[in-house]
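1. fold the following.
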Amino acid sequence: MAAKTVFYNAMVLREPYSGVEVTVHQLACALARFGFFPIRCCLPRGQRGIPVSSKGDFRLIYASEKTARSRVLRILWEQTVLPVLLWRNRAALLHNPAYVSPLLTPCPSVVTIHDLHVMTHPQFCQKRNRLYFNLMIPQSVRKAAAIIVFSRYTKQTVLNRFPQVADRIHVIPPGLSQEFRRYTDFASLLRVRQKYGLPTSFLLFVGDMTSRKNIRGLLSAFVIVQGERPDLHLVLAGANTPEVLASIDRFTRQHDIRHRVQSIGYVNQTDLPILYSLAQAFVFPSHDEGFGLPPLEAMACGCPVVCSGGAALDICGKAAVPCEPSDHTSIATAVSALLDHPDIRREKVDAGYKKAALFSWKKAALATEKVYREALQRRAFHGG
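-> The predicted structure is shown next:
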């Protein structure tokens, strides 16, 4: 095996994907397609869609399918089996694209930090996540040969907690898959509208139904917006739980909007761009984001965006209408600006296309490999 082989730890992959899994998967595909490094991608057996051939040397190493079904087994695999694989294969570098590195590795590591919500917004995180990530992220960051973040916002968040890594942190935004484009053909639009039972006119949210995403604030804003718009609905797309659905049902019954709010669950990558193309506006009033992929996906599909939440608004810039997540009146006012003013709508749609075009997985893959080279050079300089 080549001396400069990089191991890519994609063990976090388990469908349905959240934003983290999407970026881990898509970067693996981009490294396979555009990269030059010999790479061994570790993932649970049964995961599909990652190519095995490239102009470099990209191969898949499968772990047991059980590691995808059990978080505990996946963590145990990463902490025990993965270090042995690195040692046996004389790996030059390990890239952990989902927050955490193994405690013991025989080679330098690169770690991707998507956000530090467990530290900055612990009230939105499950107790087990707070315990695990508060233990593992600090040691992963401190010992990393390089740290990758998706935004300047997240870079500053990391540096506020770990100022000693300033010379090792790199901002590399993720790309956007080519399927995210505006769909106008009648057959595709009708198929998705019928599949999910979509209304004619609707606002759209896409994301995990967690408290950090501010679903309650979005619903409160919709109560205001729908008052003068009898045909307008709200569609919520994303993974949810019975508890979340019960909470949404209670709120919508209390405010007499149950017939106007629809939760359609997880939407696959094939249907998602068409869903964006059908919506009147995309509303993303998150309390905080390390990047925020859905607003960019919506922009690429010609859907105007209302946005808040740390890096998400920083990334979208003037292409989105800003709102204050803690003020549902602010969210409602931003949405109304898009619905009531065609000139503002056209301006944001055009700006959104231009903004989304800046994000490429090829650029992300090549920038990531540059970080690999720098990490290996750092190791050689220090006699590793």
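2. how many neighbours does the closest residue to P16 other than its chain neighbours have?
-> Spatial nearest neighbour of P16, chain neighbours left out: Y266 (4.3 Å); criterion: Cβ to Cβ, 6 or more residues apart in numbering. For glycine as for every other residue, the C-beta is placed from the backbone atoms N, C-alpha and C. For Y266, the count of nearby residues is 15 (other Cβ atoms under 10 Å).
3. now do the contacts for Y266.
-> With contacts taken as Cβ atoms under 8 Å, 6 or more residues apart in numbering, Y266 has the following neighbours: P16, A237, G238, A239.
4. just put the residues you listed in TSV and tack on secondary structure, distance to A146 and pLDDT.
-> TSV is the format used below for the contacts of Y266 (DSSP: H, G, I helix; E, B strand; the rest coil; distance: Cβ to Cβ, whole Å; pLDDT from 0 to 100):
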residue	secondary structure	distance to A146	pLDDT
P16	coil	30	79
A237	strand	35	96
G238	coil	32	91
A239	coil	31	85
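5. those, buried ones only, as a PyMOL selection?
-> In PyMOL, a selection of the buried entries from those looks like this (16 or more other Cβ atoms under 10 Å):
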select buried, resi 237+238
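6. which of the contacts of Y266 sit farthest apart?
-> P16 and A237 (11.1 Å; Cβ to Cβ).
7. wait, isn't H25 in contact with P44?
-> No - shown here, H25 and P44 do not form a contact pair, counting by Cβ atoms under 8 Å, at 12.0 Å.
8. now for the two: what residues contact both?
-> L13.
9. got a list of what the residue nearest to L104 when sequence neighbours are not counted touches?
-> Spatially, and ignoring its direct neighbours in sequence, L104 is nearest to P83 (5.3 Å; Cβ to Cβ, 6+ apart). Taking Cβ under 8 Å, 6+ apart, we find P83 in contact with P102, L104, T105, P106.
10. let me know the distance separating P83 from S109.
-> 11 Å (Cβ to Cβ, to the nearest Å).
11. overlap in contacts, those two.
-> In contact with both P83 and S109: P102, using Cβ under 8 Å, 6+ apart.
12. low-confidence ranges in the stretch 51-200 of the chain?
-> Flagging of the stretch 51-200 of the chain using pLDDT under 70 yields the residue ranges 52-56.
13. strands of that one, start to end?
-> 57-63, 93-96, 109-112, 146-149, 169-171 (DSSP state E, counting those that start in this stretch).
14. which residues does the last one contact?
-> This points to strand 169-171. With Cβ under 8 Å, 6+ apart as the test, strand 169-171 has contacts from 146-152, 154-155, 158-159, 367, 371.
15. before we move on, what about the first one?
-> Outside strand 57-63, the residues within contact range by Cβ under 8 Å, 6+ apart are 2, 5, 11, 31-32, 35, 37-45, 50-52, 77, 81, 85.
16. in PyMOL, how would I select the buried members of these?
-> Those of the contacts of strand 57-63 that count as buried under 16+ other Cβ under 10 Å are selected in PyMOL with:
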select buried, resi 5+11+31+32+35+37+38+39+40+41+42+43+44+50+77+81+85
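17. Q139 is in contact with L104, isn't it?
-> No - with contacts counted by Cβ under 8 Å, Q139 stays clear of L104, the gap being 10.7 Å.
18. tell me the phi and psi of A32?
-> Main-chain torsions, A32, degrees, to the nearest 10: phi -70, psi -40.
19. now do it against E21, distance only.
-> 17 Å.
20. and what of I172?
-> I172 is 18 Å from E21, by Cβ to Cβ.
21. repeat that for A365.
-> For A365, the distance to E21 equals 17 Å [Cβ to Cβ].
22. K348 too?
-> 29 Å.
23. who has more neighbours, the two?
-> Neighbour count, other Cβ under 10 Å: between K348 and E21, K348 has more, with 25 against 18.
24. pLDDT score assigned to that one?
-> Here the pLDDT value assigned to K348 is 97.
25. also Y17?
-> Per-residue confidence (pLDDT) for Y17: 83.
26. how much space between it and R48?
-> 12 Å.
27. more neighbours, the two?
-> Taking other Cβ under 10 Å, Y17 and R48 do not tie; Y17 has more neighbours (18 against 8).
28. between the strands of the stretch 51-200 of the chain, which one is closest to D256.
-> Between these, strand 146-149 lies closest to D256; by Cβ to Cβ that is 43.4 Å.
29. who's in contact with that closest one?
-> Residues contacting strand 146-149 (Cβ under 8 Å, 6+ apart): 97, 110-114, 141, 155, 158, 165, 168-172, 290, 368, 371, 374-375, 378.
30. from those residues, which would you call buried?
-> Buried, going by 16+ other Cβ under 10 Å: 97, 110-114, 141, 155, 158, 165, 168-170, 172, 290, 368, 371, 375, out of the contacts of strand 146-149.
31. helix or strand: which one has S220?
-> Using DSSP states H and E, S220 sits within helix 215-225.
32. my guess is A320 meets C307, correct?
-> Yes - contact criterion Cβ under 8 Å: A320 and C307 qualify, at 4.0 Å.
33. overlap in contacts of these two?
-> P295, L313.
34. give me the neighbour count for the residue nearest to K155 when sequence neighbours are not counted.
-> Using Cβ to Cβ, 6+ apart and skipping residues adjacent in sequence, the residue nearest K155 is V149, 4.9 Å away. The tally of other residues near V149 (other Cβ under 10 Å) stands at 26.
35. repeat that for the one 5 residues further on.
-> With neighbours defined by other Cβ under 10 Å, the count for T154 comes to 24.
36. now do the buried residues in the longest helix that the chain contains.
-> Ranked by residue count, the top helix of the chain under DSSP state H comes out as helix 361-381. For helix 361-381, burial by neighbour count (16+ other Cβ under 10 Å) applies to W361, K363, A364, A365, L366, T368, E369, V371, Y372, A375, L376.
37. OK, contacts around the closest residue to the fourth one other than its chain neighbours?
-> Same thing as A365. Spatially, and ignoring its direct neighbours in sequence, A365 is nearest to A30 (3.7 Å; Cβ to Cβ, 6+ apart). Counting by Cβ under 8 Å, 6+ apart, A30 makes contact with G175, W361, K362, A364, A365.
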